[in-house]
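# Pasting a predicted model and its sequence here:
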Amino acid sequence: MSVAKSYPTSRSLPMGLFWAAALVLVAVIPWITGSTFHFHIAIMVCISAMATGGLAVTAWVGQLSLAHAAFAGLGAYTSVLLVTRFDLPVLLGLPAGALVAGAVAFVIGAPLLRLRGVYFVLITFALNELFRLIMLDVPALSGGSSGIAGIPKLSIFGMTLSSYEEVYPFALLCLALVMGLLVLIRKGQLGRRFGAVEENLALAEASGIPTARTQNLAFTLGSAIAGFSGAFLAHYVGFISPETFGFQLSVSYVIMLVTGGRLALWGPLVGALFLTPLPEFLRGAVEYQHIIYGVILIAVLRFLPQGLAGLPAQLSRKGDRS
Amino acid sequence: MSFLIAQSLINGVILGTLYLLMAIGFTLAFGVMRIVNFAHGEFYMLGAFGALIGVTWLGLPYPVTLALTIVFAILFGAVIERLVFRPFRNDELSGMIASLGLAMILQHGALILFGPDPQAFPAMVSGVFKWGALIVPKSRALALGIGIVILLVFYLFLMHTRHGRALRALVQDQEVAAVFGVRLEIMYPLGLGLGIALAAVAGGLMAPLFGVSPFIGATPLLKAFIVVILGGLGSIPGAALAAILLGLIESFTSSFVSASAADIVIFALVIGVLLVRPAGLLGRAEV
C-alpha cells in the first residue's frame, strides 16, 4: 500500500553539502532580484513548506491526513482570536496556535488512528468538512463566511514586520526551526520508531513499540506544525475565513508532499519549492495551473513514486544498473 | 404534524435515491478496483454538462440525452481506467491520490470549456402532484422515477447477467474471480465505466433541478463518501441502506431542526460509525 517501501538512506556528505549550497542559493534569490513579488513567493514557499512538513510527520507513520488544512485553520483562528481579543503578542499567538492544534489532534487522534489506509483518509476528509461547517456556524468566533479581515501583522517584540523584506527573514527562521525539528525527529530514536511503524505495523507492535502511541505522537506533532503554519499564514495574509481552510488546501498540501516525496526528509521542502512558484512561471496560462498540478501529481505517482526528492537516488540507481 | 412527517418522508426518499445513484457507482469502483475515487463528483458534473449540451445545444429529447450520457460515460470511464488508474491497481493509497489529481484536471478543464457561471437547465416538466396537503413537484418526481428505473436496470444487470456476476465476483475476491476466468482486462474498465456512468446520469437527472456549473460535483461527492462510509466501502446493499438513511436523516433534521444541524448530525453519525464499525454498517472488515 505504501508508495515507497522504505525510507531513503541518507546521502553522502559531499552531496549533502551540494544540496545545502543549492538551497542557500535559492533562498537568497529575492535579495538578489530585490523584487517584492519574489519576496512574497519566497514567504509563501516557507509557509507551504512548514505545513507540508507537518503533513510529512504524519505520513512517516504511514497515515495520510486530509484534515491538515483544518488543523492549520485551528491554529490560525486560535492565534487571531488571542491576538485580537486578548491583545496577546503575535509572537506568542503562533505557538499558541500550534499548541491548540496539537492538543485537538492529540485528543481525537487516539480513536481516529485506529483507522488505517483509505479509511483514515476518508475520516480526515470528513473532519475537514466538519471543521468548515462548524466554523461557518459560529460567525461570532469565525466571522462566518465573510471571514476575519484586518488581522494584525506579524511582529517581534513590538516591532511590526510591515514589509515583505522584513517578513522573509522571519519566515526563513521559522522554516529552519520546523525543518530542524523534522531532522531531529527523523535522525533520532523517534524517527526509527516512526519508520518501523510505517513499514510494518504488526512487526513493530510485536517488537514492543507502542504503535498506537507512536502514531498519535506523530499526528499530534504534525498537526501542531500545521497549526503554526496556519497562524503564520493568517498574520501574513491578514485575512482568514472558514473557506480558506477547506478541502482544496488539504489537497494542495498532499500534492506538495507527494510531489516532493512522501517519505523523504526533504520532500516537503522540495515539493513546496517546486509547486508554490510554479503558477508564476505559467503566467498567461493561469487557468491551466490546476490542470498542470493534477497532471504533475499523477505523473509523479506513476514515474517517481519516491517524489522529486528521490530523483537523484533513482537516477544514480539507474546509472549503476546500466 | 403528521403532514410534515409525511412530506419529510417523501423528500427523504427522493434525496436518498439520488444519493444512492452516486454512491453505488462510487462503491462499485472501490469494490472492483479498490480505488477511492475523489473524481467521482466531477463525473456527476460532466454528466450534467453532457445533458445540457444534449438538450439545449443539440436539441435532443431528454431520455435520448440521458442514454447518450450513460454510453459516453462508460467509454470515458474505460479510457480513464487505462490512462490514470491502471498503474495503481494494487496500491489503494496511490490510486486515491491520483484521483485527487484527476478531479482537479476535470473540474478545471470544465471551467476552461464552460466558464465559471452557473447555467440554467430548461425545465423538463412543470407543475406539482398534490395529495391532500402533500406536495411533490413533478420535476422531482420525474428525477425520482428515472432514477429508480436506472437503479432497477442496474440491479438486474448485476444479478442476472454474466458480466454482472463477474463484477460481483471481483468485489468478493479478486484472485479467486481471476482464477475462475473473470477477465480483469475487461472487467476493470467496465466496473469503473459503469460507476462513472451512474454518477454522470445522476448529474443529468439533477441538472434540471439544481442547474449546472463546474463546481456542482463537490456536494454529491461528499454525500457519496458519507453513504459508502456508513454502508461500508465496496458494499452495495450497505450503500442502499445508508443512502436512504442519509436522505431521511437530512430531510427530517432540516424540517424539524435546521439545515446546518442536518450536516452536523450526519458528520457526527459518520464519525461514530467509523469508530465503532470502521468497515461500515454492512461492510466486510479488512483482512
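Here it is on my side, so go on.

# For B:Arg89, what are phi and psi?
The phi/psi pair for B:Arg89 (degrees, to the nearest 10) reads phi -60, psi -40.

# what about the closest residue to it other than its chain neighbours, neighbour count?
Closest residue in space to B:Arg89, ignoring its immediate chain neighbours: B:Met33 at 6.9 Å, by C-beta to C-beta, 6 or more residues apart in numbering or on different chains. C-betas here are computed from N, CA, C, even on glycine. Counted with other C-beta atoms under 10 Å in any protein chain shown, residues neighbouring B:Met33 total 26.

# cool, the one 10 residues further on as well?
Burial measure for B:Phe43: 34 neighbouring residues, criterion other C-beta under 10 Å.

# quick one, what contacts it?
By C-beta atoms under 8 Å, 6 or more residues apart in numbering or on different chains, the contact set of B:Phe43 is B:25, B:73, B:76-77, B:106, B:196, B:199-200, B:203, B:217.

# what's downstream of the one helix or strand it maps to, the next helix or strand?
Per DSSP states H and E, B:Phe43 falls inside helix B:40-52. Scanning forward in sequence from helix B:40-52 by DSSP H and E, the next helix or strand is helix B:62-80.

# tell me which residues of that following helix are tucked away?
Going by neighbour count (16 or more other C-beta atoms under 10 Å in any protein chain shown), the buried part of helix B:62-80 is B:62, B:65-66, B:68-70, B:72-74, B:76-78, B:80.

# And chain A, is it touching that?
No. Judged by C-beta under 8 Å from any C-beta of the partner chain, helix B:62-80 and chain A are separated, with a smallest distance of 10.9 Å.

# Any stretches of the stretch 1-150 of chain B with poor pLDDT?
The stretch 1-150 of chain B contains residues with pLDDT under 70 at B:1.

# which stretches of it form helices?
B:2-33, B:40-52, B:62-80, B:92-114, B:138-160 (DSSP state H, counting those that start in this stretch).

# Would you reformat the ones you listed as a markdown table and include distance to A:Leu269?
As requested, the helices of the stretch 1-150 of chain B are exported to a markdown table (distance: least, C-beta to C-beta, whole Å):
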| stretch | distance to A:Leu269 |
| --- | --- |
| helix B:2-33 | 34 |
| helix B:40-52 | 31 |
| helix B:62-80 | 33 |
| helix B:92-114 | 19 |
| helix B:138-160 | 48 |
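
# Of these, flag the one that's most buried.
Ranked by mean neighbour count under mean count of other C-beta atoms under 10 Å in any protein chain shown, those are led by helix B:40-52, which reaches a mean of 28.

# what angle separates that helix from helix B:2-33?
Angle of helix B:40-52 versus helix B:2-33, following axes from the mean of the first three to the mean of the last three C-alpha atoms, to 10 degrees, is 110 degrees.

# in what helix or strand does A:Ala49 lie?
A:Ala49 belongs to helix A:36-60, assigned by DSSP H and E.

# Past that helix, which element shows up next along the chain?
helix A:68-86.

# Counting by contacts, list what that next one packs against.
helix A:36-60, helix A:90-112, helix A:117-137, helix A:139-142, helix A:211-237, helix A:247-260 (3 or more C-beta pairs under 8 Å, 6 or more residues apart in numbering or on different chains; DSSP states H and E).

# Contact partners for the spatially closest residue to A:Gly102 that is not a sequence neighbour?
Residue nearest to A:Gly102 in three dimensions, not counting chain neighbours: A:Ala224, with 3.1 Å by C-beta to C-beta, 6+ apart. Listed by C-beta under 8 Å, 6+ apart, the contact set of A:Ala224 reads A:54, A:71, A:75, A:98-99, A:101-102, A:105.

# And those residues, which two are furthest apart?
A:Gly54 and A:Leu99 (13.7 Å; C-beta to C-beta).

# the more surrounded of these two?
Neighbours around A:Gly54 and A:Leu99, counted as other C-beta under 10 Å, are more numerous at A:Gly54. The numbers are 36 against 16.

# what's B:Leu221 in contact with, if anything?
Here B:Leu221 is in contact with B:22, B:38, B:40-42, B:44 (C-beta under 8 Å, 6+ apart).

# Tally up the residues packed near B:Trp257, please.
For residue B:257 the amino acid is Val, not Trp. Using other C-beta under 10 Å, B:Val257 has 12 neighbouring residues.

# one step back: just give me the closest of the contacts of B:Phe43 to chain A.
Of all these, chain A sits closest to B:Leu106, with 8.3 Å by C-beta to the nearest C-beta.

# Pretty sure the closest one sits against B:Leu46.
Yes. Between B:Leu106 and B:Leu46 there is a contact under C-beta atoms under 8 Å: 6.6 Å.

# picking that back up, which ones, among the contacts of B:Leu221, also lie beside chain A?
Okay, of the contacts of B:Leu221, nothing touches chain A (C-beta under 8 Å from any C-beta).

# can you list those residues in TSV and add distance to B:Ile271?
What follows is the contacts of B:Leu221, written out as TSV (distance: C-beta to C-beta, whole Å):
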residue	distance to B:Ile271
B:Met22	21
B:Phe38	19
B:His40	21
B:Gly41	21
B:Glu42	26
B:Tyr44	25
